[in-house]
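> Quick check, what structure comes out for this input:
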Amino acid sequence: MLRISVSEQDPSCRIIKLEGKLLQAWVDEVRRICVEAEEGSLPSLDLSGLSFVDRHGAEMLQQLLRQGLRIHACSPFVAELLHWDRKPNP
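Below is the predicted model:
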């Protein structure tokens with residue numbers, strides 16, 4: 001199961017939080033939500049609540065990151081999976 005929530009506190013800085021397991025069945029839904037949220041400004045992804053990501057989910061996350069979405073928070077498991085460097089850029 002995957003829980004998707006979108007922070008609406010500040011429309012200029014939306015955060016899409018994913019919790020649970022990101023499996024192939026949820027890839028299209030996550031992509032749709034990210035694209036819709038992108039209308040005002042690029043959203044950030046909070047991946048700290050993900051406990052598992054399959055190959056399809058990882059590929060989709062990598063595509064979203066290449067398109068400019070940022071990671072707001074990330075578990076060590078997902079950071080390793082995505083080869084994401086958690087250090088802020090200067």
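> Every contact and neighbour count from this point should use C-alpha atoms.
Noted.
> Now the longest strand along the chain: buried residues?
If you go by DSSP state E, the chain has its longest strand at strand 44-53. Of all the residues in strand 44-53, those buried under the rule 16 or more other CA atoms under 10 Å are S44, L45, D46, L47, S48, G49, L50, F52, V53.
> helices and strands around it, which ones?
Packing partners of strand 44-53 (3 or more CA pairs under 8 Å, 6 or more residues apart in numbering; DSSP states H and E): strand 15-22, strand 70-74, helix 76-82.
> quick one: which of the ones you listed is nearest M1?
strand 15-22 (5.7 Å; CA to CA).
> In space, what's closest to H56 - neighbours in sequence excluded?
In space, and not counting its chain neighbours, H56 is closest to Q24: 5.3 Å by CA to CA, 6 or more residues apart in numbering.
> burial count for that neighbour?
16 (other CA atoms under 10 Å).
> coming back round to it: distance to S7, mean neighbour count and mean pLDDT added to the helices and strands packed on strand 44-53, as TSV?
Shown next, in TSV, are the helices and strands packed on strand 44-53 (distance: least, CA to CA, whole Å; neighbours: other CA atoms under 10 Å; pLDDT from 0 to 100):
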stretch	distance to S7	mean neighbour count	mean pLDDT
strand 15-22	5	20	94
strand 70-74	12	17	89
helix 76-82	21	15	87
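> Let me see the mean pLDDT of the longest helix along the chain.
Longest helix in the chain, counting residues (DSSP state H): helix 24-37. Helix 24-37 carries an average pLDDT of 88.
> That'll do, ta.
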